[in-house]
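K.L.:
Any chance you could fold what I've pasted below:
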Amino acid sequence: MNIGHPARQRGETNTRVLIGIAAVVVAIIAIVAVFMMRPKPEPIPEPGRPLETVEPAQSAEERGDSARDIIARLEDVPGDPDFAEAHARAQDYLAEGRSADAQLLYFYAARGGYAPAAFDLATFNDPNHAEMASGLVATPDPFQAYRWYTAARAAGDERASTRLEELRAWAESASSSGDGEAEQLLLQWEQVP
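P.N.:
Coordinates of the predicted model:
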């Protein structure tokens, strides 16, 4: 006979009971945490009190509605859209300080494969040429510059190759100073054959 055997069984049973209790406690804590973290519902307005209305955060000009109208008109014309017209209107809007309209039209023309628009978008995002952005972008984005210079080069803009070389030189210099964004950008060149 093994005299220690019943004691071991009691110990194992006690351990199982403690594990079960711990699991229940953890589940209760999780449920309480979920209820505490859920958002509180908005109060229901009093009967007879009108609901408050919220004014749009931006004007039609700030939202780029004019550019959207131009894009819709260009899309309605049979055949390929006139991306040169979209680009020209983007330049006009930029000169007028209408950044949202300008940005939408530049993007539309660039996505359509219009090389000058892609080159301009790249320039606005290029840390080497950001002063030319005239408020179109808040801060230069070298990844966007790379993307749009590459698109411009593919669409036949010869200036884009030179700008890509300048952007790479900027990235090499900035990465040697510890700029992580520049280091990541350099990986783009390593991935392209």
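K.L.:
Against residue 148, how distant is residue 92?
P.N.:
The spacing between residue 92 and residue 148, counted by CB to CB, to the nearest Å, is 20 Å. To be clear about C-beta, it is placed using only N, CA and C from the backbone, and glycine gets the same treatment.
K.L.:
I meant to write residue 22 there.
P.N.:
In terms of CB to CB, residue 22 sits 57 Å off from residue 148.
K.L.:
More neighbours: which of these two?
P.N.:
residue 148 (27 against 10; other CB atoms under 10 Å).
K.L.:
Helices of the chain, residue ranges please.
P.N.:
Along the chain, counting by DSSP state H, helices occupy 5-37, 60-63, 65-76, 83-95, 99-111, 115-125, 142-154, 159-176, 180-191.
K.L.:
for the third one, packing partners?
P.N.:
In terms of contacts (3 or more CB pairs under 8 Å, 6 or more residues apart in numbering; DSSP states H and E), helix 65-76 is packed against helix 83-95, helix 99-111.
K.L.:
what do you get if the cut-off is 6 Å, keeping everything else the same?
P.N.:
Helices and strands touching helix 65-76, by 3 or more CB pairs under 6 Å, 6 or more residues apart in numbering; DSSP states H and E, are helix 99-111.
K.L.:
And the helix it packs on, what's buried?
P.N.:
Neighbour counts over helix 99-111 (16 or more other CB atoms under 10 Å) mark 99, 100, 101, 102, 103, 104, 105, 106, 107, 108, 109, 110 as buried.
K.L.:
Let me see the mean pLDDT of stretch 153-165.
P.N.:
Averaged across stretch 153-165, the pLDDT comes to 95.
K.L.:
Return the distance of the residue nearest to residue 157 when sequence neighbours are not counted relative to residue 156.
P.N.:
Leaving aside its chain neighbours, residue 157 sits nearest to residue 115 (3.9 Å; criterion: CB to CB, 6 or more residues apart in numbering). Counting by CB to CB, the gap from residue 115 to residue 156 is 5 Å.
K.L.:
higher neighbour count, these two?
P.N.:
Just comparing residue 115 and residue 156: by other CB under 10 Å the higher neighbour count belongs to residue 115, 22 against 9.
K.L.:
Can you pull the poorly scored residue ranges out of the protein?
P.N.:
Flagging of the chain using pLDDT under 70 yields the residue ranges 1-11, 30, 32-64, 131-136, 192-193.
K.L.:
Kindly recompute the last result at 50.
P.N.:
Applying pLDDT under 50 to the chain flags residues 1, 45, 50-57.
K.L.:
Tell me which residues touch residue 186, please.
P.N.:
Shown in contact with residue 186 (CB atoms under 6 Å, 6 or more residues apart in numbering): 171, 175.
K.L.:
what does residue 156 give?
P.N.:
Contacts of residue 156 (CB under 6 Å, 6+ apart): residue 115.
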